[in-house]
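>>> This is a predicted model, with the sequence first.
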Amino acid sequence: MGLYVIHTLTHKTSPYSFVLHQVSWFRRRDWHILTTGTFAYTNDQRFSVLHPDGSLDWTLQIKYITRRDNGTYECQLSTGTGVLSHFVNLHVAVPRASILVRGDYHVQAGSTITLVCVVEQSPEPPQYIFWYHNDKMINYDTERGGVKVTMTTGHPAGDTRSQLTISNAQQEDTGNYTCSASNTRPASTSVFVTYGDSLPAIQRRDETSSSTTHSSSSSLSVISPVLSHSLLIPFLLLSYLLSFHNNLYLIHSHMFLSHHRTHQTSPVTRRVR
């Protein structure tokens, strides 16, 4: 990621003190002694101390810094009366690159392709930002012509921006575009150059799929009551058939009882006569 130095300054306890101060650097995360005096006490060769002869400066230097180096570092000064400490909180910012495009980039043939790459969270501007079309770097493409790259810094958000402009877009300009900065991972997007009515057709297709989704949800809301009615009809028919069967049973029972009564009363009438 780069080089980082943590600086501290020691002072003599008094103008008449000639006591040799012993300065050590600790990493608080694991209480690891990094340096004591001018000697390093770690196998990680990225750590070293800078102390010019006769100077009161003791600077901890970390090379190729990474996010893992986040944390608190302690400088301890051993004196004849005790230990003095100074703490430094180190926050490693990891830059991030992105292209200001939502989804794929569609453009009509003959138009201008404009892509903007933004590098954020970078303590200092990247040394370079290269643009690639597929696998070819195009920052200095003189063969194609009409390619322009501009890089700007000092934006209010503290970011760095690189704008790629390609005039008179042609079918050959379709493909993957990547911006690659010196201190970030690359960011990519896809560009499609279309002719004639192809672009409106793509938009209409997107609108059609959106309206189809809406129609499907509406159809579901209409079908639901139809299904409920279709289930209700057999139930009503079954109820009607059961009612009809019961009525037939009642009629049959009534006729049977009437006939039975007639058969029983007839002999009694003959006896009276």
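It's in. Numbering: from 1, shown residues only.
>>> tell me, how many neighbours does His185 end up with?
Wrong residue type there; residue 185 is Arg, not His. Applying other CB atoms under 10 Å, we find 10 residues neighbouring Arg185. C-beta coordinates here come from the backbone N, C-alpha and C atoms, glycine included.
>>> Could you give the number of residues near the residue nearest to Glu120 when sequence neighbours are not counted?
Counting by CB to CB, 6 or more residues apart in numbering, the nearest residue to Glu120 once its immediate chain neighbours are dropped is Asp159, at 4.7 Å. Asp159 has 19 neighbours, counted by other CB under 10 Å.
>>> So Asp159 is in contact with Val118, correct?
Yes - with contact defined as CB atoms under 8 Å, Asp159 reaches Val118; the gap is 5.3 Å.
>>> mind listing the helices in this protein by residue range?
Residue ranges of the helices in the chain, as given by DSSP state H, are 198-272.
>>> Could you chop it up by domain?
Following automatic domain parsing, the chain resolves into domains at 3-90, 96-200.
>>> among these, which is the most enclosed?
For those, the largest average neighbour count (mean count of other CB atoms under 10 Å) is found in domain 96-200, namely a mean of 15.
>>> what's the distance between Thr152 and Asp159?
For Thr152, the distance to Asp159 equals 10 Å [CB to CB, to the nearest Å].
>>> Quick one: low-confidence residue ranges for the stretch 101-250 of the chain.
Of all residues in the stretch 101-250 of the chain, those with pLDDT under 70 make up the ranges 197-250.
>>> rerun at 90
In the predicted model, the stretch 101-250 of the chain carries pLDDT under 90 at residues 102-103, 121-124, 141-144, 153-158, 183, 195-250.
>>> what's the burial count for His91?
A count of neighbours around His91, defined by other CB under 10 Å, yields 9.
>>> Find me the pLDDT at the closest residue to it other than its chain neighbours, would you?
Setting aside the residues directly before and after it, His91 is nearest to Asn70 in space (CB to CB, 6+ apart), at 6.1 Å. pLDDT recorded at Asn70 is 94.
>>> same question for stretch 80-93, mean pLDDT?
Taken as a whole, stretch 80-93 carries a mean pLDDT of 88.
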